[in-house]
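*Asks:* I would like to see how this sequence folds:
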Amino acid sequence: MRKVIDFMKGHPIFTGIIGVAIGVAATKIFVADTIGKIALMRIILTMAMSMFVYLISGEKSFEKCHLATGYVFKWGLLTIIPEIVLFLGFLFIMVSGNSTVVAGWPLRVLLAVCACIFVGLFEELTFRATINDALLYRFRDNKHIFVWIAIISSLVFGAVHVITGKIFGSPAALGMAALKILSSGLSGLCWLILYWKTRNIWGIALTHALCDFTTFLQSALTEAHVTLGGAENYTGASAGGFGVYLFQIVFSLVFVIILWNKVGKTIDFEEIRKSW
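*Replies:* Now for the predicted structure:
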């Protein structure tokens, strides 16, 4: 076992690929369709991905996690404005009496909070920390490494939300899936910039959790089917669905530009290249 651990520590790309593959496979094979099951699965996966990140980065992985949380969360909140707007629309429908709150909703909301926290932690450890750190440690001398990290991390993060045969059910479903990949990828790019700036994975995970909570709370209050942006949404592609994703994409693209100008340009990439 010691030899295996030493090998994984010495080969970050191998360790990163194994970690991401296990994380993605687990979410696709062991599909959880209730809030409680999602929470349990993500708690287990969060612990697993923490191990992979530690094998890649060692103590550096978590030594700055208590720093700049407010800074990260402030910028992070701005990245999820589209989700907040859609959530306010849902609340308006609830208040207007067009939807009924299910019995036992307080427990369901508590489970939703737990699920979202660990969904955020798991996905940020996997698609931000693991991918970034593995590539950076292996290719830190490549002058374009940060561009490659941004492309790979964003595409993988976007793609895992739509990995299913259902996306090929129709041209409309495929189009919806492509928009979802782009929408999620742009959000992931925003969070990656914040990770580079602060290395505070917990603050980013908190933002991610709040983003998911806007969806999970709807399921907790109405007993709607729980999804994590999966392609089951695309089989019912509609003009409204396309409109929602286009709204998210345009906003996210604008915010990527703003975030890069305000935060990205202050990042010392050469220092990261040397000391990360």
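*Asks:* Quick one: name whatever helix or strand follows the helix or strand harbouring Ile5.
*Replies:* Assigned by DSSP states H and E, Ile5 falls within helix 2-10. Using DSSP H and E, the helix or strand that follows helix 2-10 in sequence is helix 12-29.
*Asks:* tell me how far that next one is from the chain's mean position?
*Replies:* 15 Å (C-alpha atoms, centre = their mean, to the nearest Å).
*Asks:* ok and the helix or strand just after that helix relative to helix 12-29, angle-wise?
*Replies:* Going down the chain from helix 12-29, the next helix or strand is helix 35-57, by DSSP H and E. Angle, helix 35-57 to helix 12-29, by axes from the mean of the first three to the mean of the last three C-alpha atoms, to 10 degrees: 170 degrees.
*Asks:* packing partners for the helix or strand Ile93 falls within?
*Replies:* For Ile93, the element it lies in under DSSP H and E is helix 81-95. Applying 3 or more C-beta pairs under 8 Å, 6 or more residues apart in numbering; DSSP states H and E, one finds that helix 81-95 contacts helix 201-222, helix 239-262. All C-beta spots, glycine's among them, are computed from the backbone N, C-alpha and C.
*Asks:* try it again with 10 Å
*Replies:* helix 171-198, helix 201-222, helix 239-262 (3 or more C-beta pairs under 10 Å, 6 or more residues apart in numbering; DSSP states H and E).
*Asks:* what sits up against that helix?
*Replies:* Helix 81-95 is touched from outside by 77-78, 80, 98-101, 183, 187, 210-215, 217-218, 221-222, 244-245, 247-252, 255, with contacts defined as C-beta atoms under 10 Å, 6 or more residues apart in numbering.
*Asks:* if you set the cut-off to 6 Å instead, what comes out?
*Replies:* Ser99, Cys211, Thr214, Gln218, Gln248, Phe251 (C-beta atoms under 6 Å, 6 or more residues apart in numbering).
*Asks:* Could you report the neighbour count for the fifth one?
*Replies:* In this case it means Gln248. 23 (other C-beta atoms under 10 Å).
*Asks:* wouldn't it be in contact with Ser184 here?
*Replies:* No. Assessed by C-beta atoms under 6 Å, Gln248 is found out of contact with Ser184, at 8.9 Å.
*Asks:* Give me the common contacts of the two.
*Replies:* With C-beta under 6 Å, 6+ apart as the test, Gln248 and Ser184 reach no residue in common.
*Asks:* related to what we said a few turns ago, list the buried ones in the helix holding Ile5?
*Replies:* For helix 2-10, the neighbour count (16 or more other C-beta atoms under 10 Å) marks Met8 as buried.
*Asks:* likewise stretch 90-100?
*Replies:* So, applying 16+ other C-beta under 10 Å, buried residues of stretch 90-100: Phe90, Met94.
*Asks:* mean confidence score for that stretch?
*Replies:* Here stretch 90-100 scores 74 as its mean pLDDT.
*Asks:* how long is it from one end to the other?
*Replies:* 12 Å (C-alpha to C-alpha, to the nearest Å).
*Asks:* Now do stretch 210-222: distance to the chain's middle.
*Replies:* Distance, centroid of stretch 210-222 to centroid of chain: 15 Å (C-alpha atoms, centre = their mean).
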